[in-house]
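K.L.:
Provided below for reference: sequence and predicted model.
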Amino acid sequence: MHHFDSVQQELQTKKNSTPVGRTVFILAIVILPTTLLVLLGYIAYYFIGHAGENIAFGVEEDGTNIEDENIFDRAETNNDEATNTETQQTRENATTIQSVPTNIISTAFTPYEQVPHDATSWTQGLSYGDDGYIYETTGLRGQSKLLKIDPTTFEVIKSVYIDDFYFGEGSTFYTDADGNDRLIFITYEEQTAFIFDPLTLTKLKTLTYKTTPPWNEGWGITFDSVEGEFIVSDGTSTLFFMDRDTLQVKRKIVVTRFDGTEQDSLNELELMGGLICCNIWYEDEIICVDKITGRSVREYDLSTLHPIEERGYSHVMNGIALGEDHVLITGKRWDRMYKVRFDDWDGLFT
């Protein structure tokens, strides 16, 4: 072994310092003749020192240190085992990393047409109707209104204001239980929803609702035609599923991002491809979540669509409407709307 000499030196030192060895040595000098002295000294050295210490410290007759070899053998074995373990762990870690879903926010969108938008509109809700028109609702007290927009020229065909007492919020086109086209317009703090005839923009009736107490606010709304129910946001991380005719809450879900954190400030909503797509207040992001679990399935960063430097901080993105071959996107007091396609969302328009 590479440090055998130092081990032997240590054994020799320990052997010479043993009490029995010293006693035999003295008796041999005092009592026995020189010849016997040499003989007994050799015997004492061999049996008491050499044999005893060798047994104690594991030295073979040929000078090989058994314990030393075993230590190094074990060390080499342990090193081999450690190497194998590390290699196996590395492989397992690599497998684990490869198996983790690569859920990252996407920038895979293409704005293929920019169209005009009323720059005075504090956009709160946006939807395409089954009649082909675009319906928009706006906010702020004294300025809250419902607009009917031509889908070709993007000019406002007709608009109606609601009472100054109300702060307008989201809206959506839907079909009622009798098969009539209708439009619902919710409000911010008043727990009030107005039902309109989209053909004439005549107000037909008023309903009340509740969301998260104590404020019970209304922010965004969309309609699930398959389930026949509304989905409503209130600025928290909760989405409320409400009966189409009564607005009674049937169930609710909490929205979470890819990383599992809850996402609050949910604003305007649109049902697209079976997912609930949400604007996030003061974020240029749209997240699309599962209707049952609330977990994010798709996330999009649209900060390059109409950069904040061009429009101002308070003019936030808010407005999603699913068309036949595009998604219409706008924001509060934007002077434009964009027709957008999401490049990684196959089958969205089928």
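P.N.:
Arrived safely.

K.L.:
Please name the residues that touch residue 343.
P.N.:
Counting by Cβ atoms under 8 Å, 6 or more residues apart in numbering, residue 343 touches 108-110. For every residue, glycine as well, the C-beta is placed using N, CA and C.

K.L.:
ok, and the most crowded of those residues?
P.N.:
Comparing the contacts of residue 343 by number of neighbours (other Cβ atoms under 10 Å), residue 109 comes first, having 21 neighbours.

K.L.:
OK, contacts around it?
P.N.:
When contacts are counted by Cβ under 8 Å, 6+ apart, residue 109 touches 300, 302, 305, 340-343.

K.L.:
Show me which pair in the residues you listed is furthest apart.
P.N.:
305 and 343 (13.6 Å; Cβ to Cβ).

K.L.:
Export the contacts of residue 343 as JSON lines, with columns for distance to residue 248 and pLDDT.
P.N.:
Below are those laid out as JSON lines (distance: Cβ to Cβ, whole Å; pLDDT from 0 to 100):
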{"residue": "108", "distance to residue 248": "39", "pLDDT": "96"}
{"residue": "109", "distance to residue 248": "37", "pLDDT": "97"}
{"residue": "110", "distance to residue 248": "41", "pLDDT": "97"}
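
K.L.:
just to revisit the earlier point, out of the contacts of residue 109, which end up buried?
P.N.:
With burial judged by 16 or more other Cβ atoms under 10 Å, the buried subset of those is 300, 302, 305, 340, 342.

K.L.:
And the fourth one, how far from residue 216?
P.N.:
Pointing back at residue 340 there. 33 Å (Cβ to Cβ, to the nearest Å).

K.L.:
swap in the last one?
P.N.:
With distances defined as Cβ to Cβ, the gap from residue 342 to residue 216 amounts to 33 Å.

K.L.:
ditto for residue 141
P.N.:
Separation of residue 141 from residue 216 (Cβ to Cβ): 18 Å.

K.L.:
which residues sit in contact with residue 207?
P.N.:
When contacts are counted by Cβ under 8 Å, 6+ apart, residue 207 is found next to 192-193, 195, 246-247.

K.L.:
And for residue 234?
P.N.:
211-212, 215-219, 240, 266.

K.L.:
same thing with residue 136?
P.N.:
Counting by Cβ under 8 Å, 6+ apart, the residues that residue 136 touches are 121, 123, 125-126, 146-147, 149, 171, 319.

K.L.:
Residue 130 too?
P.N.:
173, 175, 181.

K.L.:
mind running it again at 10 Å?
P.N.:
Listed by Cβ atoms under 10 Å, 6 or more residues apart in numbering, the contact set of residue 130 reads 173-175, 181, 198, 225.

K.L.:
Got the phi and psi for it?
P.N.:
Dihedral pair for residue 130: phi -60, psi -20, per degrees, to the nearest 10.

K.L.:
hang on, the earlier thing: of the buried ones among the contacts of residue 109, which belong to strands?
P.N.:
Using DSSP state E, the members of the buried ones among the contacts of residue 109 that fall within strands are 300, 340, 342.

K.L.:
possible to save those residues as a markdown table with pLDDT and distance to residue 312?
P.N.:
As requested, those are exported to a markdown table (pLDDT from 0 to 100; distance: Cβ to Cβ, whole Å):
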| residue | pLDDT | distance to residue 312 |
| --- | --- | --- |
| 300 | 98 | 22 |
| 340 | 98 | 21 |
| 342 | 97 | 26 |
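
K.L.:
Among the residues you listed, find me the one that's closest to residue 315.
P.N.:
Closest to residue 315, out of all of those and judged by Cβ to Cβ, is residue 340, at 17.9 Å.

K.L.:
thought the closest one was touching residue 317?
P.N.:
No: when contacts are counted by Cβ atoms under 10 Å, residue 340 is not listed as touching residue 317 (11.4 Å).

K.L.:
Residues that sit against both of these two, list them.
P.N.:
286, 302, 305, 329.

K.L.:
Tell me the secondary structure at residue 310.
P.N.:
Using DSSP: H, G, I helix; E, B strand; the rest coil, the structure places residue 310 in helix.

K.L.:
can you pull the contacts of it?
P.N.:
Residue 310 touches 334-336, counting by Cβ under 10 Å, 6+ apart.

K.L.:
Just among these, which is most surrounded?
P.N.:
Among the contacts of residue 310, the one with the most neighbours (other Cβ under 10 Å) is residue 334, at 24 neighbours.

K.L.:
and residue 287, how far is that from residue 264?
P.N.:
The separation that residue 287 has from residue 264, given Cβ to Cβ, amounts to 12 Å.

K.L.:
ah, wrong one, I meant residue 242
P.N.:
19 Å.

K.L.:
picking that back up, the buried ones among the contacts of residue 109 into CSV, with extra columns for distance to residue 235?
P.N.:
Formatted as CSV, these follow (distance: Cβ to Cβ, whole Å):
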residue, distance to residue 235
300, 20
302, 20
305, 23
340, 25
342, 25
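
K.L.:
wait, which of those residues is closest to residue 257?
P.N.:
The shortest approach to residue 257 among those belongs to residue 300, at 12.4 Å (Cβ to Cβ).
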